[in-house]
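Enquirer: Pasted the sequence and its predicted model underneath.
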Amino acid sequence: MAWKIIKRKLGRAGGIKQRTARQRGWDKTYGEGNWNIGYVLEGEFIPQEEAFDQVYFASYVAHFQKHPQDLEELINTAKTLRNPHAEATTGVDLQVPAILRYLEENNLQLLGNDVVDVGSWQGQASHALSIRLSPLQIKCVLNEKMTLEKFWQEKKCLAIWEDES
């Protein structure tokens, strides 16, 4: 048994209603538990949850290593983080969890007084740092020519579980 890629370039996950409808359709077509969303990394299908570690989180780690001034500004400015796009659209928030995990794993705390957006919504952002930490700006750790957002959206695929016979 193995994962077989059946569709590439799935596009954005969308809001909760759109995601739920798509997932129900896949359950109906392929059977509940027989499909997964993920990425092909080094020739192997990796479910999205695992790809989060290898791609999303790792891209923020690399960014903070290359741009320690962004990390320092974040720590000294932010009291809390939010993703205004995810809040407005009921979309999936990956950047705030990735940054918070980085802080936790490095025993760092937010010491500032502001709510700092990670990314923007309709051209609005709380700080200049919000844009620098947006996945639209962060370079993908697997391909420096792509932003994290571009990689995450363009390389996403749907796979089904099937017999190898």
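Expert: Happy to help now that I have it. Numbering: from 1, shown residues only.

Enquirer: Tell me which residue lies nearest the centroid of this protein.
Expert: Closest to where the C-alpha atoms of the chain average out (Cα atoms, centre = their mean) is Leu94, at 4.0 Å.

Enquirer: per-residue confidence at it?
Expert: For Leu94, the model assigns a pLDDT of 95.

Enquirer: In this protein, where's the longest helix?
Expert: Taking DSSP state H as the criterion, the chain has its longest helix at helix 16-30.

Enquirer: What's the mean pLDDT across it?
Expert: 91.

Enquirer: ditto for stretch 127-147
Expert: 96.

Enquirer: list the buried ones in it?
Expert: By neighbour count on 16 or more other Cβ atoms under 10 Å, the buried set for stretch 127-147 is 127, 129-130, 132-135, 138-142, 147. Glycine gets a C-beta too; all of them are placed from N, C-alpha and C.

Enquirer: can you redo the residues you listed as TSV with secondary structure and distance to Gly38?
Expert: Formatted as TSV, the buried residues of stretch 127-147 follow (DSSP: H, G, I helix; E, B strand; the rest coil; distance: Cβ to Cβ, whole Å):
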residue	secondary structure	distance to Gly38
His127	coil	33
Leu129	helix	31
Ser130	helix	29
Arg132	helix	28
Leu133	coil	25
Ser134	coil	23
Pro135	coil	18
Ile138	coil	20
Lys139	strand	21
Cys140	strand	16
Val141	coil	17
Leu142	coil	14
Thr147	strand	19
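
Enquirer: Show me the two of those that sit farthest apart.
Expert: Taking Cβ to Cβ as the measure, these span a maximum distance of 27.7 Å, between His127 and Leu142.

Enquirer: Please, which helix or strand holds Val40?
Expert: Element membership for Val40 (DSSP states H and E) is strand 35-41.

Enquirer: Show the subsequent helix or strand relative to that strand.
Expert: That would be, after strand 35-41 and using DSSP H and E, strand 44-47.

Enquirer: That next one pairs with which strands?
Expert: strand 35-41 (antiparallel) (DSSP bridges).

Enquirer: May I have the partner strand as CSV, with CA atoms only?
Expert: Provided in CSV are the C-alpha atoms of strand 35-41 (Å, rounded to 0.1, in the frame of the first residue of the first chain):
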residue,chain,number,x,y,z
TRP,A,35,-7.1,10.5,0.9
ASN,A,36,-4.6,13.0,2.2
ILE,A,37,-3.2,16.5,1.4
GLY,A,38,0.5,16.8,1.3
TYR,A,39,3.7,17.5,-0.6
VAL,A,40,6.2,15.5,-2.6
LEU,A,41,9.5,16.0,-0.8
